[in-house]
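# what would the 3D arrangement of this be:
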Amino acid sequence: MIIHRFTTEPDSKRRKAGAESGFTLVEIVMAMVVMGILGVFSVQLISNAARTSQLSAGQKDLVDEAKLAMEFMIRELRMADNRVDAITLTATSIQFTKLSAYEQDTNLSQILYSYNSGTGKITRTSNAVTTTVATQVTAFVITETTNNDSKAYYTIRMELTGANGENFTLASGVVPRIGI
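This next block holds a predicted model:
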């Protein structure tokens with residue numbers, strides 16, 4: 001007669017003496033390859049996101065600088081005396097006399113905005129004081145046209161390029177006031 005003994009021991013204790021639990025070398029190598037591939041894609045994704053963020057920040061800085069410079073020039077040129085020969089214009093500069101002064105700058109005559117392509121700067125000179133209005137400028141053009149009502153109309157166009165290749169172009173126009 002054979003008697004079977006029933007045990008309540010877990011399966012791990014009843015395994016054969018030579019069997020061990022764990023991962024095989026092939027499983028470990030495959031897991032490492034999959035993790036490496038996921039790591040490469042993750043690094044590329046994070047790198048692209050960081051570059052996009054950097055370009056966006058650079059673009060925003062260019063836009064802010066261009067808008068501020070353009071607004072400053074347009075406001076002041078709007079106050080220019082528009083009599084004959086009161087405004088002198090070249091392709092990259094404009095010089096004029098204002099009809100009224102500002103609290104910050106009481107000088108009325110010989111206001112000069114000019115672009116230096118070597119330094120990439122637009123400067124404003126008033127009363128022998130020169131101030132930089134914009135930097136990183138790669139192109140600056142001022143043109144004069146005459147409206148149907150024979151008023152001079154000035155168009156200002158500037159292009160800025162950032163250190164990381166971001167570009168921004170801004171153009172605006174203004175008609176000086178007749179008088180105050």
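# name the element Ala57 belongs to?
Counting by DSSP states H and E, the element that carries Ala57 is helix 25-78.
# next: Val133.
Per DSSP H and E: strand 129-134 holds Val133.
# report the buried residues of the next helix-or-strand element following that strand.
Using DSSP H and E, the next helix or strand after strand 129-134 towards the C-terminus is strand 137-146. Within strand 137-146, the residues that count as buried by 16 or more other Cβ atoms under 10 Å are Val137, Phe140, Ile142. For the C-beta atoms, the positions are set from N, CA and C on the backbone; glycine is no exception.
# so after strand 137-146, what's the next helix or strand?
Following strand 137-146 toward the C-terminus (DSSP H and E): strand 152-161.
# and that next one, what's buried?
So for strand 152-161, counting by 16+ other Cβ under 10 Å, buried means Ala152, Tyr154, Ile156, Met158, Glu159, Leu160, Thr161.
# remind me what that strand packs against, helices and strands.
Packed against strand 152-161, as judged by 3 or more Cβ pairs under 8 Å, 6 or more residues apart in numbering; DSSP states H and E, are the following elements: helix 25-78, strand 87-89, strand 137-146, strand 167-174.
# and the angle from the longest one to strand 137-146?
Counting by axes from the mean of the first three to the mean of the last three Cα atoms, to 10 degrees, helix 25-78 points 30 degrees away from the direction of strand 137-146.
# what helices or strands is helix 25-78 leaning on?
By 3+ Cβ pairs under 8 Å, 6+ apart, helix 25-78 packs against strand 121-126, strand 129-134, strand 152-161, strand 167-174.
# please redo it, this time with the cut-off set to 6 Å
Helices and strands touching helix 25-78, by 3 or more Cβ pairs under 6 Å, 6 or more residues apart in numbering; DSSP states H and E, are strand 129-134, strand 167-174.
# got the helices and strands packed on strand 152-161 as TSV, with distance to Tyr102 columns?
Listed next are the helices and strands packed on strand 152-161 as TSV, based on distance: least, Cβ to Cβ, whole Å:
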stretch	distance to Tyr102
helix 25-78	8
strand 87-89	18
strand 137-146	21
strand 167-174	16
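# tally of neighbours for the residue nearest to Phe23 when sequence neighbours are not counted?
In space, and not counting its chain neighbours, Phe23 is closest to Ala31: 7.9 Å by Cβ to Cβ, 6 or more residues apart in numbering. Residues lying near Ala31 (other Cβ atoms under 10 Å) number 11.
# how far does stretch 67-79 sit from its chain's centre?
Centroid separation for stretch 67-79 versus its chain: 21 Å, with Cα atoms, centre = their mean, to the nearest Å.
# swap that for stretch 71-83, please
27 Å.
# again with stretch 92-101
29 Å.
# hmm, back to that, can I get the helices and strands packed on helix 25-78 in CSV including mean pLDDT and distance to Arg75?
Output for those, formatted as CSV (pLDDT from 0 to 100; distance: least, Cβ to Cβ, whole Å):
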stretch, mean pLDDT, distance to Arg75
strand 129-134, 91, 12
strand 167-174, 89, 9
